[in-house]
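Asker: With the sequence up front, the predicted model follows.
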Amino acid sequence: MKTMKKFLVSERKIAMILLVAINSKYIHTNLAVRYLYQLCKENYPCEYIEFNINQPLQDVLYEILSKKPEYVAISTYIWNRSYVEKLVEGLKKARKDIKIILGGPEVYFDSLEEWKFVDLIIRGEGEYPFLDLCEHIATGKQYIQKEYPPFDLSKLPFAYKDESLDTSRIYYYESSRGCPFKCSYCLSSIEKGVRFAPLEKVFEELDYLFKKQVRLIKFVDRTFNANKERSIKIIEFCKQKSQATQVHFEIDPTLLDDDFIDAINTSEDNLFRLEIGLQSFNPQTLDAIDRFYDIDRIDKNLKKLMENKKAIVHLDLIAGLPYEDFLSFKRSLNKTILYFADEVQLGFLKMLKGTKIREEATKYNYEFFKDPPYEVISNSFISFEEIYKLKKIEDLIDKVYNRQYLYFTLRYIFQKVSPSEFFEKLSSKVDSNLNTREFVKELYRAIKDNFVLDKVILKSLFRFDILRRFPEEFLPEELAVSKEEKERIKQAIYQATEYQDIGEAKEIIRRGRACIFEFDIERFIEDNSIEKGDFLYIFFEEKIKKIKLQ
Ligand code: B12
Ligand code: SF4
């Protein structure tokens with residue numbers, strides 16, 4: 001494959017190299033250009049500049065050109081490929097003498113024939129080749145990419161050194177490279193082995209970010225818990241040192257064990273975010289994608305993780321995998337939803353260049369979009385119509401389940417109706433583009449009219465869920481708090497011994513939300529038992545107070 005096109009180096013010894021990152025949104029940051037910049041800046045005139053795909057192309061083009069670079073080296077990913085294609089055309093047409101270099105996972109398997117305006121593609125890990133390229137540029141020699149050894153992570157510079165940090169952005173952090181597994185749809189499966197950065201280096205750099213109080217550090221380690229002891233040491237360090245920073249890890253569910261779970265479950269609430277790729281619960285599918293799994297172990301681990309849960313847990317499934325038809329996917333979805341994690345994400349397979357699954361496309365009759373993100377359209381097991389239905393279900397899961405509007409109501413409903421049946425039926429009955437207030441009202445009517453549920457329990461749990469989160473006006477008309485109920489609530493609050501004085505009671509009546517239920521909601525949530533009576537619940541400043549009325 002051709003990776004070099006008359007790549008002549010500058011006659012001048014000092015040529016300005018501009019590294020360019022184009023993120024998927026402003027809040028994201030690019031680690032690769034920072035590493036390359038930090039490695040080269042001492043010896044070569046090098047700068048980096050960061051944009052995102054939502055910025056107008058001509059502004060980006062102008063800004064790059066105004067730096068007067070002789071070499072522009074762009075970090076290319078699935079989310080920016082289409083943007084980069086236009087950008088390189090603009091750059092070359094505006095300044096014919098500019099040399100354009102591409103690197104990054106989206107061009108690992110590309111040849112220069114596919115990139116008319118590009119002079120050089122650097123494939124694979126970038127540190128050694130980029131250093132070598134800079135040296136060639138500085139000495140006026142012709143550069144040809146060769147085989148380099150894997151980069152020693154103890155020599156990896158700290159990406160965010162000397163940078164003024166915007167605490168609202170996501171700071172990616174890499175403490176290891178490579179993955180022990182080989183899932184056929186994933187680009188990380190092509191790297192060999194796992195390398196780790198020394199723990200002292202990791203601690204020092206994390207400490208720096210913690211002191212800067214960035215909002216979120218997201219580890220890009222492919223499988224953070226690949227080495228349990230090491231990962232627990234990092235967790236303990238974060239527990240000790242983080243003041244205002246949340247830390248995100250991607251972990252493997254089969255490798256989880258009691259020690260890891262205990263380390264996580266003895267942390268402050270929400271200090272950690274765990275992203276766990278389940279992908280499917282169908283053994284035939286998991287075998288076909290070369291995924292390492294032990295379903296019983298995953299089940300046991302997830303249940304344990306959810307007891308006394310401290311971290312925010314995000315579970316991923318992928319639709320469009322081999323042997324996963326519509327019904328089988330719904331079974332995977334049902335099982336996943338019933339762990340009651342904070343978020344469930346239903347992703348759609350991307351046929352990434354260089355992956356085994358893309359090579360197997362004919363075997364499974366895959367149809368997919370030829371442009372990024374190369375999303376699956378259909379295969380031998382699932383039709384596009386079914387994929388489309390899953391997209392509608394995905395949208396509702398995101399709006400209803402992940403936002404936790406109906407936290408307790410859903411727990412009740414899922415005892416009677418399977419999650420996939422519930423979301424599938426609702427997806428054709430409610431318009432998820434409505435504003436939240438109208439959406440929750442429509443949701444109530446659709447649930448009431450389409451499922452066989454106890455009307456009193458549904459009504460009570462729905463009221464409870466809505467009043468926990470929203471003002472009273474969000475209740476559907478048939479669940480509104482009536483005038484008489486309001487009067488009873490007022491009297492009950494005035495008489496309640498819980499409130500110290502009339503001022504406090506008045507304040508609660510004025511600013512709080514309250515409702516009388518026909519049974520004890522908390523008790524029902526705890527053990528499904530119905531204790532009849534009049535129970536007043538008051539929702540005030542994030543707290544919930546219960547008063548049993550006589
Ligand atoms: C952070 C991240 C994101 C962020 C975006 C971040 C941003 N900056 O905007 C978010 C969460 C939005 C995201 C989304 C997606 N992502 Co993503 N993501 C990553 C992740 C976890 C980290 C990337 C990273 O910084 N790595 C660390 C750096 C140091 O490594 P690197 O990127 O490989 O860079 C090295 C080389 O590539 C090279 N290099 C890179 N740039 C350059 C530039 C030059 C000039 C040179 C010489 C070398 C060079 O040198 C670097 C150092 O060795 C990777 C997985 C991973 N751990 O790498 C996936 C990954 C990049 N994502 C991937 C995918 C598939 C997606 C999604 C499609 C997933 C989905 N939803 O289905 C979406 C795309 C969304 C869209 N809009 O299309 C694939 C990408 C494949 C590709 N062809 O680009 C990856 C590799 C995951 C995987 N294992 O398959 N992602
Ligand atoms: S475990 Fe994750 S990172 Fe590793 S190969 Fe599988 S999907 Fe990719």
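Answerer: Looks like it came in fine. Ligands and ions are numbered 1, 2, ... in the order given.
Asker: going forward, measure contacts and count neighbours with C-alpha atoms only.
Answerer: Fine.
Asker: what does stretch 24-42 contact?
Answerer: Stretch 24-42 is contacted from outside by 19-23, 46-48, 50-54, 75, 79-80, 126-127, 130-131, 134, 156-160, 168-173, using CA atoms under 8 Å, 6 or more residues apart in numbering.
Asker: Just the endpoints, please. Distance across it?
Answerer: Using CA to CA, to the nearest Å, one end of stretch 24-42 lies 29 Å from the other.
Asker: So for it, what gets flagged as buried?
Answerer: Of all the residues in stretch 24-42, those buried under the rule 16 or more other CA atoms under 10 Å are 24, 26, 28-40.
Asker: what's the average pLDDT for it?
Answerer: Per-region confidence: stretch 24-42 scores 97 on mean pLDDT.
Asker: For the lowest-mean-pLDDT helix or strand in the chain, list the C-alpha coordinates in PDB.
Answerer: Within the chain, no helix or strand scores below helix 502-511, which has a mean of 78 by mean pLDDT, DSSP states H and E. C-alpha atoms of helix 502-511 as PDB (Å, rounded to 0.1, in the frame of the first residue of the first chain):
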ATOM      1  CA  ILE A 502     -44.900  28.000  61.500                       C
ATOM      2  CA  GLY A 503     -42.300  29.800  59.300                       C
ATOM      3  CA  GLU A 504     -40.700  26.500  58.300                       C
ATOM      4  CA  ALA A 505     -44.100  24.900  57.600                       C
ATOM      5  CA  LYS A 506     -45.100  27.900  55.400                       C
ATOM      6  CA  GLU A 507     -41.900  27.700  53.500                       C
ATOM      7  CA  ILE A 508     -42.500  24.000  52.800                       C
ATOM      8  CA  ILE A 509     -46.000  24.700  51.600                       C
ATOM      9  CA  ARG A 510     -44.800  27.500  49.400                       C
ATOM     10  CA  ARG A 511     -41.700  25.900  47.800                       C
END
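Asker: got the buried residues for that helix?
Answerer: Neighbour counts over helix 502-511 (16+ other CA under 10 Å) mark 505, 508-509 as buried.
Asker: Tell me the residues of the stretch 101-250 of the chain that contact ligand 2?
Answerer: Residues of the stretch 101-250 of the chain lying close to ligand 2 by CA under 6 Å from any ligand atom are 179, 181-183, 186, 188-189, 222-223.
Asker: Return the subset of those lying in helices.
Answerer: Judged by DSSP state H, helices contain none of these.
Asker: related to what we said a few turns ago, for residue 534, state which of the buried residues of helix 502-511 is nearest.
Answerer: The nearest member of the buried residues of helix 502-511 to residue 534, counting by CA to CA, is residue 509 at 18.3 Å.
Asker: Which parts of this protein belong to which domain?
Answerer: For the chain, automatic domain parsing gives the domain ranges 17-139, 158-403, 405-458, 481-549.
Asker: Figure out which of those is closest to residue 467.
Answerer: Smallest distance to residue 467 across the domains of the chain (CA to CA): 6.5 Å, for domain 481-549.
Asker: Could you tell me the end-to-end distance of the closest one?
Answerer: 17 Å.
Asker: just to revisit the earlier point, in helices only, show me the contacts of stretch 24-42.
Answerer: The members of those that map onto helices under DSSP H are 127, 130-131, 134.
Asker: measure stretch 378-391 end to end?
Answerer: Chord length of stretch 378-391, first to last residue, is 13 Å (CA to CA).
Asker: what's that stretch in contact with?
Answerer: By CA under 8 Å, 6+ apart, stretch 378-391 touches 319-320, 322-326, 364-368, 377, 424.
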